[in-house]
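**Student:** please find the sequence and the predicted model below.
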Amino acid sequence: MTKEEANIREEVLLISGCDVSRCMKCGKCSASCPAYDEFDIKPHQFASYIARGDMNALMQSKTIWNCLGCFACVERCPRDVRPGRLIDGVRQAAMRRRGGSHLQPEDIPSRIDPDTPQQLLMSVLRRERK
Amino acid sequence: MDLTYSYFPGCTLKTKARDLDVYTRKTAAALGADLVEIENWQCCGGVYPLGSDEVGNKLSSVRALNDAKEHGRDLVTVCSGCFHVLKRVNDDMKNVPDIRDRANRYAQLAEPYQGETRVLHYLEVLRDAVGFDTIRKKTLHPLTGHRIGAYYGCLLLRPSAILEFDDPEDPSVIEEFLEAVGATPVKYQMRNECCGGYRSLEEPAFTNRLVGKIFADAKASGCQELVTACPLCFYNLQKYDGPDKLRVRYISEVLAQALGIDERGEVR
Ligand code: SF4
Ligand code: SF4
Ligand code: SF4
Ligand code: SF4
């Protein structure tokens, strides 16, 4: 674990407020996850990646952008690890660091249609832009 | 019972989901509940800011919650997104001292806000204040024979420890509502699974796949149509164009039909 990874890990633990040592690798979170197929690193792996400080892999994962924030994993985790919050914590650390926004404003117009609800645009902007 | 509430419509209900707003107000009035719109409310942001250190993005919710408190009323919303955000921010204001202190410092209210307001979804008003029995009695046009599935999605239910809305794995409030208006509620397994939410902007193929599974399950279980309270669910379900697609309506539109509100010409 590099020094920078140690910093990121500390930040993620603070932002998420989670205790990764509680994870028992039961896989219930991954079994519950509707976006499982879209993830390169799976929900049940997050706690152990963070425990060993493998933060660069998490920061570069597809998972942090594909997680739906649906909280199925949080609801069903028997140890209250709240993996969805860990994933979100890494996403936020990635955004804050890169000064980094995922979606660019010029990407948006081609993606909306006359029915697109504000809720959708607001949610994306809030999640993916600083 | 005094059925006067502060009402937070939310930005989507002012534009794309106008039906949800109009039918909510009209049905509430017909059932004797008064929804008083908060003045100068601001968009809640659509997603709850999860970071334990985020305060700024919660302030619009805090102002709405405080406005309801100053009027001595519960705060009602019908958008699942708004309900989710307002209720979670309220929980922070009640139970997380650090967020409460910082939010109050920014918001500069007459008196510090400490999570006093009760946040209610319109369905809770219908169930607990109006009562499904009253709805049953006031139903002029029961939806007899309509086999309708409730689509809860996620924002209403999870995390259940904070939202305290219904059993997160086996919810029933929308089914009870459907029964009250004379329909036949049909439970199907995927009614509390996510439709893909905001990923539909960047990955419509992905959300389309998720929605396809939901429709297939609903149809195989015998649903003829689905109802929802979430404008984002509504949009994602509407956009699906596969073989198992079912009609989708807002709960308040179904209620208006049952109460005969459109026929009395009260609604456009
Ligand atoms: S995070 Fe929870 S559900 Fe997931 S593997 Fe660990 S203990 Fe199991
Ligand atoms: S919150 Fe993310 S990781 Fe958890 S179940 Fe939903 S999509 Fe999967
Ligand atoms: S959830 Fe949506 S509609 Fe409701 S206020 Fe927030 S952004 Fe607006
Ligand atoms: S839009 Fe999707 S993400 Fe939102 S409540 Fe509905 S199911 Fe959940």
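**Tutor:** Okay, I see it. Since this is a predicted model, take the numbers as computed values, not measurements. Residues are numbered from 1 along each chain as shown, chains lettered A, B, ... in the order given. Ligands and ions are numbered 1, 2, ... in the order given.
**Student:** where does the stretch 1-150 of chain B get nearest to ligand 2, residue-wise?
**Tutor:** Nearest residue of the stretch 1-150 of chain B to ligand 2: B:Leu50, at 10.2 Å (Cβ to the nearest ligand atom). Yep, even glycine has a C-beta here, placed from its N, CA and C like the rest.
**Student:** so who does that residue touch?
**Tutor:** Listed by Cβ atoms under 8 Å, 6 or more residues apart in numbering or on different chains, the contact partners of B:Leu50 are A:15-16, A:69, A:85, A:88-89, A:92.
**Student:** could you do B:Cys82 as well?
**Tutor:** Residues in contact with B:Cys82 (Cβ under 8 Å, 6+ apart) are B:8, B:10, B:44.
**Student:** where does chain A come near ligand 1, residue by residue?
**Tutor:** Contact residues, chain A versus ligand 1 (Cβ under 6 Å from any ligand atom): A:23-29, A:43-44, A:47, A:77, A:79, A:81, A:83.
**Student:** neighbours of the closest residue to A:Cys33 other than its chain neighbours, how many?
**Tutor:** In space, and not counting its chain neighbours, A:Cys33 is closest to A:Pro43: 5.3 Å by Cβ to Cβ, 6 or more residues apart in numbering or on different chains. Residues near A:Pro43, counting by other Cβ atoms under 10 Å in any protein chain shown, number 27.
**Student:** what of B:Lys219?
**Tutor:** Residues within reach of B:Lys219, counting by other Cβ under 10 Å, total 17.
**Student:** do the helix or strand hosting it and chain A meet?
**Tutor:** Using DSSP states H and E, B:Lys219 sits in helix B:204-220. Yes: using Cβ under 8 Å from any Cβ of the partner chain, helix B:204-220 reaches chain A at B:206, B:210.
**Student:** ok so B:Leu226 is a helix residue?
**Tutor:** No: secondary structure of B:Leu226 (DSSP: H, G, I helix; E, B strand; the rest coil): strand, not part of a helix.
**Student:** most proximal residue of chain B with respect to ligand 1?
**Tutor:** For chain B, Cβ to the nearest ligand atom, closest residue to ligand 1: B:Pro159, 13.6 Å.
**Student:** now that residue: how far from ligand 4?
**Tutor:** Remark: distance between B:Pro159 and ligand 4 (Cβ to the nearest ligand atom, to the nearest Å) = 13 Å.
**Student:** so who does that residue touch?
**Tutor:** Shown in contact with B:Pro159 (Cβ under 8 Å, 6+ apart): A:71, A:74-75, B:168.
**Student:** so who does residue 71 touch?
**Tutor:** Using chain A. A:84, B:154, B:158-159.
**Student:** chain B was what I was after
**Tutor:** B:His71 neighbours (Cβ under 8 Å, 6+ apart): B:6, B:36.
**Student:** can you check A:Ile87 too?
**Tutor:** By Cβ under 8 Å, 6+ apart, the contact list for A:Ile87 reads A:43, A:46, A:63-64, A:67.
**Student:** now list the buried members of those residues.
**Tutor:** A:43, A:46, A:63-64, A:67 (16 or more other Cβ atoms under 10 Å in any protein chain shown).
**Student:** so, low pLDDT: which residues of chain A?
**Tutor:** A:98-101, A:129-130 (pLDDT under 70).
**Student:** now the helices for it?
**Tutor:** A:3-16, A:28-32, A:43-51, A:55-59, A:63-66, A:72-76, A:83-97, A:118-128 (DSSP state H).
**Student:** just put the ones you listed in CSV and tack on distance to ligand 4.
**Tutor:** As requested, the helices of chain A are exported to CSV (distance: least, Cβ to the nearest ligand atom, whole Å):
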stretch, distance to ligand 4
helix A:3-16, 20
helix A:28-32, 14
helix A:43-51, 16
helix A:55-59, 23
helix A:63-66, 13
helix A:72-76, 10
helix A:83-97, 12
helix A:118-128, 8
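**Student:** just to revisit the earlier point, now rank the contacts of A:Phe71 by neighbours and give me the top one.
**Tutor:** Within these, A:Gly84 tops the neighbour count with 28 neighbours, counted by other Cβ under 10 Å.
**Student:** that one against A:Cys73, yeah?
**Tutor:** Yes: in this structure, A:Gly84 is within contact of A:Cys73 by Cβ atoms under 8 Å, at 5.0 Å.
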